[in-house]
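Enquirer: 3D model of this:
(4 chains)
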Amino acid sequence: MINVHDKHKPLTFIEKTYLPAIVSGVLLTSRHFFVNLTRHILRAFGVKLKNMAAVTIQYPEFLRPLFPRLRTMHRLTRREDGTPRCVACMMCETVCPAKCIYIIADEKLENPQIEKMPRSFDIDLGLCVFCGYCVEACPEDAIRMDTGILEISNYTRNGMILDLETMLSLEPMSSRYVQYDRGGEVVSADYIDERHRSDA
Amino acid sequence: MAGKIISKFFDIDGGNTIDVYERHGGYQSIRRVLKKMAPGQVTDEVLKSNLRGLGGAGFPAGRKWSFIPKDSPKPKFLVVNADESEPGTFKDRYIMDRYTHGLFEGIMIASYAIGANKAFIYIRGEYVRQAENLVEQIKCAYDRGYLGKRIFGTNFNLDLVVHRGAGAYICGEETALLESLEGKKGWPRMKPPFPAIEGAFKCPTIVNNVETIAYVPTILQEGGEWFSELGSERNGGLKLYGVSGHVKKPGVYELPMGTSLREIIYEHAGGLQDGRKLKAVVPGGSSAPVLTADEIDVKMDYDSLAKIGSMLGSAGVIVMDDTTDIVRALYVVTRFYHHESCGQCTPCREGTGWAERILKRILDGNGRSVDIDNLLNIAGNIMGNTICPLGDAAALPLKSYLTKFRADFEAAVSDRNGVGKVADEPVSLLN
Amino acid sequence: MVKVTIDGIEIEIPKGTTVIQAAEQAGIEIPRYCYHPGLSIVGVCRICLVEIERMPKLQVACYTPATEGMVVHTNTEQVLEARQAVMEFLLVNHPLDCPVCDQAGECWLQNFYMQHALHDSRMFENKVKKSKALQIGPNVMLDSERCILCSRCVRFCDEISKSNELGIFNRGDRAELQPYPGTELDNDYSGNTIDICPVGALTDRDFRFRTRVWYLSETESICPGCSTGCNINVHHNDQRTYKAGGSRVSRLKPRYNPDVNEWWMCDAGRYGFTHVDADSRILAPTRSIGEEQEMSWGEAASEIMTKLREVISVHGKESVGVILSPQMTNEDLFVARRFFRDGLGLKHIDFEVAPLTTGAKDDFLIKADKNPNTAGARLLGVGARQGSGMTVAEMLEAARKRKLRALYICHHDLANGFAVDVVEEALTAQDLVVFQGPNTNSTSALAHYVLPAAAFVEKTGSFTNYAERVQMIHTAVTPLGESKADWQIFRSLAKEAAISVPYFEAEDVFQALTAEVEAFSGLPYAGLAGQGIALRDGQALPESETVVA
Amino acid sequence: MTESIGIVLGKLAFVLLFVLNFGGVLTWVERKQSALMQDRIGANRAAIFGFRAIGLFHGIADAVKMFTKESFRPANAEKFIFTLAPAISVFFALIGFAVIPFGDKLLLGGTEINLQLAPLNVGVLYLFAVAGMAVYGVVLGAWASRNNYALLGGLRAAAQMISYEVALGVSIFGCIMIYQTVDLQEIVRWQGGYWGGWLPAWGVFLQPVGFILFLTVGIAETKRIPFDAPEGESEIIGYNLEYSGMGFGMFLLTDFIETVMIAAITVTLFFGGWQVPYLMPDGFHFPWGGTVELANWAVAILQVVSFTFKVIFFLWLQMTIRWTLPRFRYDQIMRLGWKYLLPISLANIVITGFLILMLK
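Expert: The predicted structure follows:
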C-alpha cells in the first residue's frame, strides 16, 4: 500500500514566498505560448509540422467520435411486436434525481402477460441531468440512452419534453463514422472504438 | 414360520363371504368380547399384544384407543383407513377382498372398545371392486344382524359406512382423511388436537389402518400376549409384507414382525431374476428411505428399520436390481409426491414441484453439478417443516437416493445422454 | 397467566395466547403470511417457524399455544435457515412481476425477502403458469401466479363476510385461488381481501396502476361513509398527482381499532372518496344571483352578512333557517352553534334530513345512517329535536309560505330528503339562500351564494359515531381552491357580524367545546388521536335512535 | 511652456486611441493568449464575409453585442447611481493616463511638444489620487444594484482595493526617494542615465523589491485573477452581477484599461518609460563607442515605440500571470496585502533610505 497521505514537508523561506513557483509556472505557460505561437505562424506559412499547435476539435464541422457507453438522449425500446417494452413500473421515475420523468400507466387487459403499459411517458430534458440512473433502474431494458443525440435545444420549455412516441421512434446511434483532421492524422470513431474495446 | 392369520383366508374360495368366514371360526371373538369383556379390557388386551398401527406410522394401537376421552358426551367414531395409496403397497386390498368379515369383526371390536356406534371405512376411490365387495358384505352383515342395532342381542349398536375417496394420496393421512370424510377438500389439519380428541365432525375419532383392525379379532381370540410373542420385541404379531419389483414371486407375504429383509426377498419372494444383482430396496412403500444391497440384513420391524435410518412404513417392499435407473426411479417417486402434494403448506407444495423439475432436467441431459446438493438442500428444507408427513415422505426418498446413490446422480449430471452438461452459471435472465 | 421466555425476554401472557402473539407483546416480530389476528389459524405458510426448547421439530408460532415455562427462540440458526427456506419455496413459483405489481413497495414477500432471506436464486426451471389479471369481482383483480395460497382471503370470506365466495382449487403447486364457479367476489366487504393479501395476488381495480405505493403518504382519519365511523388511513398522493388523473386521494385503508371496525371496512366507505377530487368541487365563494361570479372570502362574508342582517332587521330573527349537516365535524357544528344560535340569536336550526330511501345496513359495520356525526350533532344540541326551532321539513314548508326569508344550508342536498319541487319552491321563495359545502348539488344550484367547504380529508376535527365514540380526522391534503373548513367559514362570517369566535386551530375549538358542552366535558384532545374515546364506555345506542328520523 | 489647443487635442486623441485600442485588443489577446497557452485555438468564429482575421472581429462582435443588448436595470435599483457607476469606473481609469509620458520632446515646426498629456509636477500623487477613486465605481455599482450578492461583491472589492492601495503607494516610495521627484516626466528622464557607463539606470535595478511589490499590488488593483475575488465571474459572482449590456461592458473595459494603466506605470517607474538604451536626443551613443546620428522626430518615434513595446510586454506578462495562477482565497488576499506586502514595502523604504544615507 502506498501511503498517499504524505506529510507536508515544511517549506523553505524561498518556497514560502511562492516566487519560484510563480516564476516556474509563468515559464511553463509562456513556453506553451511561444511554442504554439511559432507553430501557428509556421503553419500559416504552409510548413508541415508533426505536432499541431492545438488539440481543439472544430465542432460542428467535426464531431468527436461518440463512445458506445456515452449517455445521450433517451429512447424507449420496443418488443418484437412493436409495442413499447416499458411496463410503466415507474422505477426510473422513482430513481430519477432530477425528477424529470413523468409516467402515467395504462391497463392492458387484453394481454395479461403484460397488463401494464405507459399511457404517457414524458422526460423533461430541461431538467434531466443525464445521470443514466433510469437506464440502470429499468428492469425491462426499456429505456436506453444510446441515441447519440447530443445537440438538444429548443425555443420553449415545453419543447424540451420528450414524449412516448418520440422516444419510441428514436434509433440507437449507428456507429457514427466521424473523421477529423488531427495534424494530418485522420482519426475515426471506429478506430477509437476498437482501441476502447481492446482496452476493455 | 409362524402360522398365518389373515393370509390363510387368501387361499380360501369365498373367503370374503360371511358364511365361509364363520365356518373358519369367524365372529366368535366379537361374541365373546361383547358378552364378557368391558371396553377397557379390550383396549388393555390390544395394548398387551404390542399391535402397532400397521398403516405406516407404527403407533401402538392400544395406546391410541386409550386416548379417547371416556367422559365425552360427544359421539365417537371409528374410521378405518383403507385409502391405500402408497406406491408399492397393496396389502389392504387383499384384506378387503378376502378377509372382509375379519375386517368387520375387527371394526366391531374396536368400536366396542372405544365406544363408537358408527364406523367408517374410507376406501380409496380407485378400489372400485373392493368398495363394491365391502358394500355387499356389509349388507349381508346387516341382514344377519351382525351390524345395526343390538348386535348379538347386546346393547351394542354399530353402523358401518363405506366412504369412497376421490383419488388423493393425501387422504391416507388421518386428518386429511377426516376432512375428506367430512366432505371437504383433503387438506391435513394442524395437530393438536389429535383425532382421538377432536376428529371427524369435531368428535373423538380413532383412525386405524385396515390391517391393524384386521388383526384385532385374532388378538382378542388368542390373547394379546400370544400375539405379542409372534413378533419381535415391542413389535407384536405378524405383518403383511407386499413385495414388488424385480423379484421372481412378487406378492403379499404374512410373516412375523422382524423377519429379515434378505429372507423376505430371497426366500419368500423367490429372489431376483437370474443374473441380476440387487441394487436397492425400498422397505416400506415409496416414501421409506431406500436401502442399498448391503443393508438388507435388517430386521423388518419398526424399531430396527428406524435404527438404520429407514422405516417399515406400510411394508411395501420394492426391489430394484442393477438394471434400474436410480435417477429415473427417484424422478418417478418425486413426480408422484409433487402430483399428490395437497398444496396447503409451502415447503411441500413448492419444494416437491421444484425437485421434480430439477430431476426432469437432469434426466433430459441438462443437469448441473450443483443440482445434487440443491436437491439435498431442498429435501432438508421440506423435512419436518410441514403440517403433515407428506412433506417428509417426499423428502426422505430424495435424501436417501441422493446420498446412497450419489455416484449415479453425478454420472447423470456430467454426461447424461451424451448431450453434455450445461454451464453451471445461469444464463442471462434477460435472454 | 403463564410465563414464557422468548429470545431471553420473559413475559407473562394470558393462557391460550399463541407464541406469535406472545412474541408480539415482547416486541419481537415473527414473520407471517397466513396468520392474521382477525382470522382463524391454519398454519400453512410455515414462515413463522420457531424453535421451542424440548420440542424436537420447529413449531409454527401462529398455532402453538404458549404454555407455562416455555422457552422460545426466534433467531437461532435453525430458525433462520428454515425461514430462508420457506422464503425460497414461496419465491420458486412467484413471478417476477414486481415492476407491474401494485403490491410492490408494501409486499410482504419483498419485505421479508429483504429482512429474512436475501438468498440468491437457485431456480433454473420454468415457473408454474396460472391465470393472471382475472376480474373476480367488481373491486378485486386476481393474479393467481402471485398468490402464495395463504388462504387469508378465503378465510375472510368464510369467517368475516360469511359469503363464502372463494376457494382454493387443485392440488400441490397447481393449487389456485378462484371464486367458486358461478360466483364472484362481490360481498360488501370484498376490498378487505386486498388489504389482507400479503402479496399482489389480489389488487384493487380502483387503485390498480394509478400510482406506486411509495409515492403515497398516509394520514389517520375516519370514514365519513356512515355512522359507524370506521378508522381509516387516507393514502394520498401529493407529489405526483398527474398519476390518477389529478386526484390527490388515492385510496382509503382500514385502520385497526378493536372497538369499532377491527381490521375491516366496507366497500362503500372504501371507494366513497371520489367526491374529494371530483369536478363538482366548489373552488371559490361564488355569487350566483344573476350572473355567476367568483368572489373573495372577504367580499362573500360581508355581502352575505349584510343581506342576512337586512333580512333579520326587516323580518326578524324568526325568518332565518339554518340547516346544518351531520357530515360536519363536532368543531364545525360547535362554531355554527356559537355563531347562529348564540351570536345571531337564530332559533330555527336543524341538521337532520331523513333520506327518501333508507340506506343499506347490516349487522357488522354498515349502518343505515350514512352520516358520520349524527350523534355529535345531537349531543351539541343543534337539531330541532334538541332545541325548540323548526325541523328541516317545517323550515321548507315555512319557506314556501315565505314565513322564512333566508336559508343557510350546509352540505345537504335537500333533494335527497324531499321532493324536488318542494325544495325548488321553498328555495326560490327566499330572499337569501346560502349553500356551503364541498361539492355542488341540486341545492347549491338554487343558492344565491355558494361557499366552498373543505372535504373531510382536508380538515382536522372530530366525529362522534353512533356509539358516541369521538374520533379524530386529520388534514391529509390542503383544501382545494379557496375552500376552508366549515368552522373557519362560520368564523369569517362571525367576524363580519362582530361575534367573537376566538379560535385559530381545530384544537382551540375542541377545547372550547369540551368546556362548554356537557356531553363532551373532560375529553382530552391529545387522547382522541388513534383509537378515539368513547363517551359512554363504548355502549352502542339502540339502533332505532341512531337512524336519522 | 505653452502649447496650442490643437497640439493638446492631438495628444489627447493619441492617448485615448492608444489606451482604448489597447483595451479593445486586450479582449482579443486574452482569448487568444489563453488559447495558445492551453493548446487551444481560441475564438475564431466571428467573420465578416467569411474573413475571420484570426478572431480579431470578436472584439467588434462583443462591442456590437454589448451596445445592442438590453441594458437591464433591476426594479429596485438606485436608478441614477446604477447608471452612473460604470461611467465613474471608466472615467477614473482613463484620466490617469493624462500624466503618463510616452516620449521626450518632439520639435515640430519649431514648436517643442512635450509628449505627455498633462505635464504635472505632482504626477505620481495625481496618479494615486485617481487610482484611489476607481473603487467608487465598483462600490456604487454594487450598492445601487440592490442585490445582496452584488453588494457583497462590492464590499469585497472595496476592501481589497483599499487594502492594496496602501501597499501600492508605499511600494513606490523607494523609487521616489531615489528619483527625488514626483513628476513622471522627470522620473523617466532620471532613468536616462547609466551606471558604469553601460547599464541603463532603470528603476528596476535600483528597486527590484519595489518592482515586484508594485507589480503584485498593481495586478490586485485590476481585480483580475489571481485577485478576482470581487467579481469571480464563473463562481462567486460579484459587484457587476446586475449589469448587462454596455454597463457591464464598461466595467469589463475598466479592468482592461487598468491593466494597461498598471503596465504603463510600471514601465514609467521601473523600466525607463520611453527611454531607449543609449539613445540620446541626437541619436545613439553606444558605450563601446560609435554614434548614430538621428533627427529629432526619429528619436521621438523611437521613444514612443519603445514605450509602446514596454507596455505591450507588461500586458503580456499580466495576461500570462492571469492565465497561470489560480485565484486566491479572500482571506489569503487580505493576509497577503496586510501581513506581507505592506510590511515588506515599509521595510523597503527603510532600507532604501538607509542605503541612500550610506551612499551620500
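Enquirer: quick check: B:Leu240 is in a strand.
Expert: Yes: B:Leu240: assigned to a strand according to DSSP: H, G, I helix; E, B strand; the rest coil.
Enquirer: that one contacts B:Tyr94, doesn't it?
Expert: Yes: here B:Leu240 reaches B:Tyr94: they are 7.3 Å apart, a contact under C-beta atoms under 8 Å. The C-beta positions use only the backbone N, C-alpha and C, and glycine is treated the same way.
Enquirer: okay, and the common contacts of these two?
Expert: The overlap between the contact sets of B:Leu240 and B:Tyr94 (C-beta atoms under 8 Å, 6 or more residues apart in numbering or on different chains) consists of B:6-7, B:252.
Enquirer: export these to a markdown table and tack on pLDDT?
Expert: Formatted as a markdown table, the shared contacts of B:Leu240 and B:Tyr94 follow (pLDDT from 0 to 100):
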| residue | pLDDT |
| --- | --- |
| B:Ile6 | 89 |
| B:Ser7 | 88 |
| B:Val252 | 93 |
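Enquirer: tell me the one among the residues you listed nearest to chain C.
Expert: Closest approach to chain C among the shared contacts of B:Leu240 and B:Tyr94 (C-beta to the nearest C-beta): B:Val252, at 29.5 Å.
Enquirer: can you get me a residue count around the closest one?
Expert: Around B:Val252 there are 22 other residues, counting by other C-beta atoms under 10 Å in any protein chain shown.
Enquirer: where does it fall, helix, sheet strand or coil?
Expert: Quick answer, by three-state DSSP: B:Val252 is strand.
Enquirer: please tell me how far it sits from chain D.
Expert: Per C-beta to the nearest C-beta, to the nearest Å, B:Val252 is found 96 Å from chain D.
Enquirer: tally of neighbours for the one residue in chain A that gets nearest to chain B?
Expert: Ranking the residues of chain A by distance to chain B (C-beta to the nearest C-beta) places A:Asp141 first, at 6.3 Å. By the criterion of other C-beta under 10 Å, A:Asp141 has 11 neighbours.
Enquirer: hang on, the earlier thing: which among the shared contacts of B:Leu240 and B:Tyr94 gets closest to chain A?
Expert: Closest approach to chain A among these (C-beta to the nearest C-beta): B:Val252, at 51.9 Å.
Enquirer: can you pull the contacts of the closest one?
Expert: B:7, B:10, B:90-91, B:94, B:240-243.
Enquirer: now, the most widely separated pair of those residues?
Expert: Greatest spacing in these, by C-beta to C-beta: B:Phe10 and B:Val243 (14.5 Å).
Enquirer: when the two are compared, which one has more neighbours?
Expert: B:Val243 (24 against 17).
Enquirer: helix/strand/coil for the more buried one?
Expert: Looking at B:Val243 with three-state DSSP, the answer is strand.
Enquirer: what pLDDT does the model give whatever residue of the stretch 1-150 of chain C ends up closest to chain A?
Expert: Nearest to chain A, among the residues of the stretch 1-150 of chain C, is C:Pro99, at 3.2 Å (C-beta to the nearest C-beta). pLDDT for C:Pro99: 89.
Enquirer: how near is D:Ile172 to D:Leu269?
Expert: Using C-beta to C-beta, to the nearest Å, one gets 6 Å for the distance from D:Ile172 to D:Leu269.
Enquirer: need the overlap of contacts for these two.
Expert: With C-beta under 8 Å, 6+ apart as the test, D:Ile172 and D:Leu269 both reach D:Phe214.
Enquirer: coming back round to it: right, and the residue of chain A closest to chain B touches A:Thr77 too?
Expert: Yes: using C-beta under 8 Å, A:Asp141 is in contact with A:Thr77, at 6.4 Å.
Enquirer: what's the overlap in contacts for the two?
Expert: Counting by C-beta under 8 Å, 6+ apart, the common neighbours of A:Asp141 and A:Thr77 are A:Arg85.
Enquirer: compare B:Leu240 and B:Tyr94 (neighbour count), which wins?
Expert: B:Leu240 (27 against 23).
Enquirer: what's opposite that one in the beta bridge?
Expert: B:Glu254 (DSSP bridges).
Enquirer: please pull up the helix or strand immediately following the helix ranked longest in chain D.
Expert: Taking DSSP state H as the criterion, chain D has its longest helix at helix D:5-37. Per DSSP states H and E, the first helix or strand lying C-terminal to helix D:5-37 is helix D:57-68.
Enquirer: just how off-centre is that following helix within its chain?
Expert: How far helix D:57-68 lies from its chain's middle: 23 Å, per C-alpha atoms, centre = their mean, to the nearest Å.
Enquirer: leaving out sequence neighbours, find the closest residue to B:Ser72.
Expert: For B:Ser72, ignoring the flanking residues on the chain, the nearest one in space by C-beta to C-beta, 6 or more residues apart in numbering or on different chains is B:Pro204 at 5.6 Å.
Enquirer: state the distance from the one you found to chain C.
Expert: B:Pro204 sits 20 Å away from chain C, going by C-beta to the nearest C-beta.
Enquirer: that residue is in contact with B:Pro69, isn't it?
Expert: Yes: contact criterion C-beta under 8 Å: B:Pro204 and B:Pro69 qualify, at 5.8 Å.
Enquirer: where does the chain dip in pLDDT?
Expert: Assuming you mean chain A. Within chain A, the segments meeting pLDDT under 70 span A:1-7, A:63, A:174-200.
Enquirer: my bad, chain D
Expert: Ranges of chain D meeting pLDDT under 70: D:1-2.
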